[in-house]
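Q: Could you work out the structure for the sequence below:
(chains A and B)
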Amino acid sequence: MDNQMKLEIPSKSQNEAFARVVVAAFAAQADPTIEEISDVKTAVSEAVTNAVIHGYENGFGTIIVTAALNDRRLQVSVTDYGVGIADLEQAREPLYTSKPELDRSGMGFTIMENFMDEFTLASEPGKGTTVTMVKVFSQIKTGRDA
Amino acid sequence: MEIVMKRAGSTLLVRMAGELDHHAATGLRDKIDSKITLGNLKNVIFNFGGVDFMDSSGLGMVLGRYKLVSAQGGKVLACSLRPRVQRVFDLSGLQAKIPVFLSEQEALKNV
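A: Numbering: from 1, shown residues only, chains lettered A, B, ... in the order given. Have a look, this model is predicted:
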């Protein structure tokens, strides 16, 4: 099965739930397990939250979420045109956060990397950030779509 | 996200239900902090029994309350984690600071 989607949303925290539910509904076409869909939901939530809090620093901006399904491979990208990240290595370190005063745990990228099969981070200060993640769903169990 | 807060001695019980993300956590932290401060409470128990989704913003919310009460010698405990919430907890290593119990009764005994 090949399919794709694109979602454009303003950087409001209400849209964190909206974006993860949309991607989960899109991915459901490939009949993933509940575990797999939960992993995708959590990773998308992390990426969109980062765009809201860090990319746009809780201000106004546009977030683009795209997803593509090729057979059992889901690729999701989350893009913002916000402040960008100067030090990518530091940003990816577990427990590192640039905003501890906002109760950030510093676990966002760690969760994305662990819950998804592939993870890439591209960012340029002043231009924005794109996170691209891939999840390959396990094979359908026999008799499941009978 | 729905929460019910209850006082048990010097401990605040926070029973949560729904999805604990950044949006929900932002609303919760002020409610919880004002209960702690106004009620002069020492410890917090987060009951995750009804939480079916949590991301790192939930961890941050719990960690923030830990910083607040541990500065006064208090404790933060968590209980009734569903497998999905447990998965996020495990990855973070938060259990070194915030002990996790199977039930609220058990958490209360260990305050």
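Q: give the contact list for A:Ala27.
A: Residues touching A:Ala27, when contacts are defined by Cβ atoms under 8 Å, 6 or more residues apart in numbering or on different chains, comprise A:Glu36, A:Ile37, A:Val40, A:Ala67, A:Leu69, A:Leu74, A:Lys135, A:Phe137. (Glycine included, C-beta is placed from N, CA and C.)
Q: ranges for the strands of chain A?
A: In order along the chain, chain A carries the following strands (DSSP state E): A:2-10, A:62-70, A:73-80, A:118-124, A:128-136.
Q: Sketch out the low-pLDDT regions of chain A for me.
A: Applying pLDDT under 70 to chain A flags the ranges A:141-146.
Q: tell me which parts of it are close to chain B?
A: Residues of chain A lying close to chain B (Cβ under 8 Å from any Cβ of the partner chain) are A:13-14, A:16-17, A:38, A:41-42, A:45-46, A:49, A:52-53, A:95, A:97, A:102-108, A:110-111, A:114.
Q: among those, which ones are buried?
A: Among those, those classed as buried by 16 or more other Cβ atoms under 10 Å in any protein chain shown are A:13, A:16-17, A:38, A:41-42, A:45-46, A:49, A:52-53, A:97, A:102-108, A:110-111, A:114.
Q: Now intersect those with the helices, please.
A: A:Glu16, A:Ala17, A:Ser38, A:Lys41, A:Thr42, A:Ser45, A:Glu46, A:Thr49, A:Gly108, A:Thr110, A:Ile111, A:Asn114 (DSSP state H).
Q: Run through who's touching stretch B:60-72.
A: Residues from elsewhere that reach stretch B:60-72 (Cβ under 8 Å, 6+ apart): A:97, A:102-105, A:107, B:20, B:25, B:28-29, B:32-33, B:36, B:41-44, B:46, B:75-76, B:78, B:94, B:97-98.
Q: how does it look with 7 Å?
A: Applying Cβ atoms under 7 Å, 6 or more residues apart in numbering or on different chains, the set of residues contacting stretch B:60-72 from outside is A:103-105, B:25, B:28-29, B:32-33, B:36, B:42-44, B:46, B:75-76, B:78, B:94, B:97-98.
Q: check whether stretch B:40-56 contacts chain A.
A: Yes - against chain A, stretch B:40-56 shows contacts by Cβ under 7 Å from any Cβ of the partner chain at B:Phe53, B:Asp55, B:Ser56.
Q: I appreciate the help and will end here.
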